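>>> Okay, sequence plus prediction incoming.
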Amino acid sequence: MRITVRPADLHADRDVLIDMMLRFLTPMSDGPRYDWLYHQNPDGQAQLWVLIDSDTGAIVGSGGFVPRRMYVNGRESLCAILVDFWIHPEYRSLGPALQLQRACLAGIEAGPYDLYYDFPQENMVAVYRRLGIETSQWLVRLTKPLSLKRKFGRLSQIPFFGRSLIAATNGILKLRDAGKGNRSRCTISEQRVECGDNFTQLARQVSSKYGVCVARTASYLNWRFQSHFHHRCEMLTAHRDGSLLGYILFVEDAETATILDLFGMEDERMKSDLVFAALEVLRERNVLSVNAPSLRSHPQTAFLRKLGFYPREPHPVVISAPRGKAGLEGANFFLMDGDRDS
């Protein structure tokens with residue numbers, strides 16, 4: 001069995017890739033996701049490589065990257081995020097994985113990209129290690145309970161006592177949070193239209209304070225969140241005297257919600273108001289808990305912990321610069337769940 005790698009033709013290979021990704025990568029693989037991720041990204045079209053069984057000509061794996069504008073060392077740079085790495089189960093071994101990932105990284109090396117990052121699965125960590133690339137950061141899942149219904153388990157099924165106990169306990173949780181909001185004198189409101197130039201201006205004004213981070217321009221936010229192929233992402237904004245100071249993005253999935261992004265001026269009261277306004281919306285919908293994945297090393301993680309979020313399991317993150325590019329030693333990185341590929 002001879003395995004080769006070639007660049008994907010994003011149009012000619014489209015139907016095969018959608019089908020194979022549905023079978024071996026994600027249940028969300030379909031035409032809208034493919035077009036959204038590979039073609040509609042405002043920072044540029046994706047580049048993809050496919051693993052080929054030379055005996056049959058079949059595609060048995062793929063991997064690639066999506067261009068992403070970021071602020072690096074105080075300036076806006078073109079960077080890349082690795083996406084959609086999968087291999088057919090019959091071909092899953094270190095050799096084909098290394099062959100495919102080398103092609104992806106060579107594509108980045110050959111382009112104008114100042115850095116790349118990835119949220120690899122555990123089995124990909126070994127591939128990166130064989131390529132001499134270590135996991136340099138950790139994305140920790142921060143979580144905050146809004147209800148103790150799960151905690152009480154079967155006790156919640158007792159008609160009067162169980163429900164009364166849960167209601168009383170949840171009331172205490174709500175009351176504890178109520179005293180922490182509405183301190184910034186900002187107007188918190190839902191963003192119901194596309195993001196405008198004021199979001200781009202905010203990103204340019206404050207991104208350097210966050211360290212190395214995604215350039216949260218209006219075009220990026222509208223594509224990544226407002227026009228998402230599957231999720232209904234919600235945004236609350238904070239304004240004072242007509243000026244945009246910050247925003248929070250979150251998505252609800254049954255009884256759990258996830259904060260995708262929390263960004264804005266260095267004003268902890270304003271950010272606290274955004275967080276607790278989002279929590280109040282989610283409480284009214286009977287959401288039981290809220291997750292806020294964030295890089296463990298960034299100060300915003302400590303800030304969220306002060307608001308009652310506590311850390312759970314960490315996940316590895318790879319952040320690296322292509323050869324010949326400026327080093328990233330000592331840089332402060334800011335990534336949240338919304339900075340993933342999809």
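Nice, I can see it. Values in this document were obtained by computation on a predicted structure and should not be read as measured data. Numbering: from 1, shown residues only.

>>> what's across from Leu236 in the sheet?
Under DSSP bridges, the beta-bridge partners of Leu236 are Glu190, Ile248.

>>> Give me the neighbour count for it.
19 (other Cβ atoms under 10 Å). Glycine gets a C-beta too; all of them are placed from N, C-alpha and C.

>>> distance of it from Val318?
Note on Leu236: its distance to Val318, by Cβ to Cβ, to the nearest Å, is 31 Å.

>>> can you check Gly211 too?
Gly211 is 17 Å from Val318, by Cβ to Cβ.

>>> So, low pLDDT: which residues of this structure?
Scanning the chain with the threshold set as pLDDT under 70 gives 148-182, 324-327.

>>> List the buried residues of the longest strand out of those in it.
Ordering each strand of the chain by length in residues (DSSP state E) puts strand 58-72 first. Residues of strand 58-72 classed as buried: 59-72 (neighbour count, 16 or more other Cβ atoms under 10 Å).

>>> Asp118 contacts Leu82, correct?
Yes. The pair Asp118 / Leu82 is scored as a contact, 3.9 Å apart, by Cβ atoms under 8 Å.

>>> Find residues that contact each of those two.
Val318 (Cβ atoms under 8 Å, 6 or more residues apart in numbering).

>>> can you give me the strands in the chain?
3-7, 47-53, 58-72, 75-87, 116-118, 137-145, 187-190, 213-214, 234-240, 243-253, 256-264, 289-291, 294-295, 310-320.

>>> So for Ser342, which of the ones you listed sits nearest?
Ranking those by proximity to Ser342 (Cβ to Cβ) places strand 75-87 first, at 7.4 Å.

>>> Show me what counts as buried in the closest one.
Result for strand 75-87 [16+ other Cβ under 10 Å]: buried residues Ser77, Leu78, Cys79, Ala80, Ile81, Leu82, Val83, Asp84, Phe85, Trp86, Ile87.

>>> Going by distance to Leu335, which of those wins?
Out of the buried residues of strand 75-87, the member with the shortest distance to Leu335 (by Cβ to Cβ) is Ile81, at 9.8 Å.

>>> In contact with that closest one: list those residues for me.
Contacts of Ile81 by Cβ under 8 Å, 6+ apart are Phe65, Val66, Arg68, Tyr116, Tyr117, Asp118, Asp339, Arg340, Asp341.

>>> From Pro7, how far off is the nearest residue to Glu90 once chain neighbours are set aside?
Excluding the flanking residues, the one nearest Glu90 by Cβ to Cβ, 6 or more residues apart in numbering is Val60, at 7.4 Å. Applying Cβ to Cβ, the value for Val60 to Pro7 is 16 Å.

>>> Asp261 too?
From Asp261 over to Pro7 (counting by Cβ to Cβ), the distance is 32 Å.

>>> okay, the two: which has more neighbours?
Asp261 (21 against 13).

>>> Return the set of residues that bridge with the more buried one.
Bridge pairing for Asp261 - DSSP bridges - gives Leu249.

>>> which ones are touching it?
Residues Arg216, Phe225, Tyr247, Ile248, Leu249, Met336, Asp337, Gly338, Asp339 are the ones in contact with Asp261 under the rule Cβ under 8 Å, 6+ apart.

>>> contacting residues for the fifth one?
The contact partners of Leu249, taken as Cβ under 8 Å, 6+ apart, are Phe225, Cys233, Glu234, Met235, Ile259, Leu260, Asp261, Leu262, Gly338.

>>> Looking at the residues you listed, which is nearest Leu146?
Checking those one by one against Leu146 (Cβ to Cβ), the nearest turns out to be Ile259, at 12.5 Å.

>>> The closest one - how many residues pack around it?
Using other Cβ under 10 Å, the number of residues around Ile259 comes to 26.

>>> how deep is the residue nearest to it when sequence neighbours are not counted tucked in, by neighbour count?
Excluding its sequence neighbours, the residue lying closest to Ile259 (Cβ to Cβ, 6+ apart) is Ala292, at 4.0 Å. When neighbours are counted by other Cβ under 10 Å, Ala292 registers 27.

>>> quick one: Ala292 from Thr56, how far?
Ala292 is 45 Å from Thr56, by Cβ to Cβ.

>>> where do the helices sit along the stretch 151-300 of the chain?
Secondary structure of the stretch 151-300 of the chain (DSSP state H, counting those that start in this stretch): helices at 161-178, 197-210, 218-221, 268-284, 299-306.

>>> And the ones you listed: which comes nearest Val16?
Nearest of the helices of the stretch 151-300 of the chain (Cβ to Cβ): helix 218-221, 29.3 Å.

>>> count of neighbours near Ser289?
There are 17 residues near Ser289, going by other Cβ under 10 Å.

>>> how about it, what does it touch?
Thr143, Lys144, Pro145, Leu146, Ser147, Arg150, Glu255, Thr256, Ala257.
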